[in-house]
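> What follows is a predicted protein model with its sequence.
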Amino acid sequence: MNRILIGNSNNKIGVIKQDTIIIDIKENTNILIKDILFKKYLFNVYDAKLNVLIVNENKRDVNYEINIYKGNVSFNNLSYNSSDVKLDINLNKENSNILVYNSVISKKKQKYEISINHNKKLTNSNIYNNGVTKEDGSILFNVSSFVPKKSKDCVVNQNSKIITLNDTNDNEINPILLIDEFECEAKHAAFIGNFNQNELFYLMSRGLSKQDAMNLLINGLLIGTLDVCFNEKENLKKKLNDDWR
Amino acid sequence: MLEIKDLSVKVENKLVLDKFNLTINDGETHVIMGPNGVGKSTLTKVIMADSNYKVINGDIIYNGKSILKLKTDERARLGIFLAMQNPLEIDGVTNSDFLRTALSSKEKKNINLYSFIKKIDKAKEDLKMPDEMVHRSVNKGFSGGEKKKNEILQMKMLEPEFIMLDEIDSGVDVDALKIVGDNINMYKKDHPSSSYLIITHYTHLLKYVKPDLVHVVKDGKIVKTGDYNLATKIENNGFNFEKVVIEAIDGSEVSE
Ligand SMILES: Nc1ncnc2c1ncn2[C@@H]1O[C@H](COP(=O)(O)OP(=O)(O)O)[C@@H](O)[C@H]1O
Ligand SMILES: [Mg+2]
């Protein structure tokens, strides 16, 4: 079994055209997806809380679409050297909120297209992209947030960080904020570079070798930040240490 | 324990320590006072091998051997510890993962999880820190006082023998300062040969942790050495710190 669904009969799953899976969420639900079997994952959330964790090691491109009709969605994606990912988020009713933690380990060229549409007022989006590039890896984060007129009192937040552990010059972050409504709060931050020297010094001053300190910071950046439970994080850290170095 | 000989240090091409000398013997507690910007933190950072600070002259001898060529982590594993003036927040890295890795590095083997938990629980209780701090990110969302307590918690876990406390008392309220002071004293009792270099502007902490010697630093070197009374003098005239230091150097009496 690759997918675990906790929730109950009010949720519905359907498959169309072999390559799209539709998941309707009407109750508070946790979803863990460990293998990408479909081209497209479509989540419709109706007045519920949804927590998704995707562990993606797959070689095929994948598209996620999340439509929220009121509710809070926490979408956690951990990609290890996967193919390109597209993520479309539509906040379709008031009090629809999305939190995205997108963590990427890249050993080859990878592209992430993320777009967030604030279609109604009082909607929030917080998007955190954290990547590490090694070997032949490079990452492109394209993040676009749209707030049309009348979508008042929205919170729009984009935060992207790529730690370059190889010598690539191709890492790129493009934060796009298209905001037509003045009465909303928008911010973005982008960082491409190395681990902070002061953080390394602090860890090493407690006896950690530089390598151990970097591994700890990689774990922290990619897994520590995720909005998933303690045990899940421990599993992922173990996987990162054993299989994904 | 530690001998600093004619040490000159540059930071960003500026000479901060100028032929600095200090010897700290086993079991001794030394205090360094002095106005802001004279190089007190620089001294601790260079002892800990922070690469921003370049040694251009002199030597640092630890237990009879020069440590100048050793890296930060190597010095730490020899038992040198720095409680920093401004402990960093490290998002995503839990206190537990940090300390487990640090202890494993020090003992050169994976440490036993059960004894680790027992040890950290005790340290946390001694410092009256909340239970859930163990699984929280290092210093993230901690108050000033909690950050300083966390430095002491790390000291208790790693059991170093030469301990530098850089303004461990600033940003800490009276209750937390008592807890910090009591814990340092407890540690001293359990580790009788441990030595201390305490940087402070006040005597609050020194009421708990009695110093053997108090040094005043100015212009990159120690300009005056005395006992606890020197610290009191400096504190009483804290509002006119520069004047006191100058008078201390001149050897003239400080007006009360
Ligand atoms: N990392 C650094 N980069 C640039 N200048 C520094 C750095 N650290 C210290 N300095 C400078 O060195 C001098 C001494 O600083 P510091 O040792 O922090 O003083 P103190 O701890 O006595 O207040 C100051 O002039 C300070 O601006
Ligand atoms: Mg200082």
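Received it, and whenever you're ready, just let me know what you need. Numbers count the residues shown, from 1 in each chain, chains lettered A, B, ... in the order given. Ligands and ions are numbered 1, 2, ... in the order given.
> ok, now which ones touch the residue nearest to the spatial centre of chain A?
The centre of chain A sits closest to A:Asn102, judged by C-alpha atoms, centre = their mean, with a distance of 2.4 Å. Contact analysis of A:Asn102 by C-beta atoms under 8 Å, 6 or more residues apart in numbering or on different chains lists A:77, A:79, A:85, A:87, A:112, A:114, A:127-130, A:141. Placement of C-beta: from N, CA and C, glycine included.
> Count the neighbours of residue 116 for me.
This is for chain A. For A:Ile116, the number of neighbouring residues by other C-beta atoms under 10 Å in any protein chain shown comes to 28.
> should've been chain B
B:Phe116, neighbours per other C-beta under 10 Å, totals 17.
> continuing past whichever strand or helix holds the residue nearest to the centre of chain A, what's the next helix or strand?
Assigned by DSSP states H and E, A:Asn102 belongs to strand A:96-106. Sequence order places strand A:109-118 as the next helix or strand after strand A:96-106, per DSSP H and E.
> Report the distance from that following strand to the chain centre.
Remark: strand A:109-118 is offset 10 Å from the chain centroid, using C-alpha atoms, centre = their mean, to the nearest Å.
> And the residue of chain A closest to ligand 2?
A:Asn198 (14.5 Å; C-beta to the ion).
> And what about that residue, helix, strand or coil?
helix (DSSP: H, G, I helix; E, B strand; the rest coil).
> so it touches B:Leu88, yeah?
Yes - counting by C-beta atoms under 8 Å, A:Asn198 does reach B:Leu88; the two are 5.9 Å apart.
> circling back to that earlier point, could you dump the contacts of A:Asn102 into TSV with pLDDT, secondary structure and distance to ligand 2 added?
Shown next, in TSV, are the contacts of A:Asn102 (pLDDT from 0 to 100; DSSP: H, G, I helix; E, B strand; the rest coil; distance: C-beta to the ion, whole Å):
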residue	pLDDT	secondary structure	distance to ligand 2
A:Asn77	96	strand	42
A:Ser79	92	strand	42
A:Val85	95	strand	46
A:Leu87	98	strand	46
A:Tyr112	97	strand	42
A:Ile114	98	strand	43
A:Ile127	98	strand	38
A:Tyr128	98	strand	33
A:Asn129	98	strand	36
A:Asn130	97	strand	32
A:Phe141	98	strand	38
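> ok, and the most crowded of those?
In terms of neighbour count, A:Asn130 stands highest of the contacts of A:Asn102 at 28 neighbours, by other C-beta under 10 Å.
> Could you export the contacts of A:Asn102 as JSON lines, including distance to chain B?
Listed next are the contacts of A:Asn102 as JSON lines, based on distance: C-beta to the nearest C-beta, whole Å:
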{"residue": "A:Asn77", "distance to chain B": "16"}
{"residue": "A:Ser79", "distance to chain B": "17"}
{"residue": "A:Val85", "distance to chain B": "21"}
{"residue": "A:Leu87", "distance to chain B": "21"}
{"residue": "A:Tyr112", "distance to chain B": "19"}
{"residue": "A:Ile114", "distance to chain B": "20"}
{"residue": "A:Ile127", "distance to chain B": "16"}
{"residue": "A:Tyr128", "distance to chain B": "10"}
{"residue": "A:Asn129", "distance to chain B": "14"}
{"residue": "A:Asn130", "distance to chain B": "8"}
{"residue": "A:Phe141", "distance to chain B": "18"}
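> Looking at those, which is nearest B:Glu107?
Taking C-beta to C-beta as the measure, B:Glu107 lies nearest A:Asn130 of these, at 31.4 Å.
> what sits opposite that closest one in the beta ladder?
Taking DSSP bridges as the rule, A:Asn130 bridges to A:Ser103, A:Lys161.
> In this model B:Lys10 seems to touch B:Asp18, though I could be wrong.
No - in this structure, B:Asp18 is not within contact of B:Lys10 by C-beta under 8 Å, at 10.0 Å.
> number of nearby residues for residue 189?
Using chain A here. When neighbours are counted by other C-beta under 10 Å, A:Ala189 registers 12.
> wait, chain B
When neighbours are defined as other C-beta under 10 Å, B:Lys189 has 9 of them.
> Run the contact check for the host helix or strand of A:Tyr46 versus chain B.
According to DSSP H and E, A:Tyr46 maps onto strand A:40-56. No - applying C-beta under 8 Å from any C-beta of the partner chain, one finds strand A:40-56 out of contact with chain B, separated by at least 15.9 Å.
> per-residue confidence averaged over that strand?
Mean pLDDT, computed over strand A:40-56, is 94.
> cool, stretch B:59-76 as well?
Mean pLDDT, computed over stretch B:59-76, is 97.
> Span of stretch A:148-161 from start to end?
27 Å (C-alpha to C-alpha, to the nearest Å).
> That one: which residues count as buried?
By neighbour count with 16 or more other C-beta atoms under 10 Å in any protein chain shown, stretch A:148-161 contains the buried residues A:151, A:154-161.
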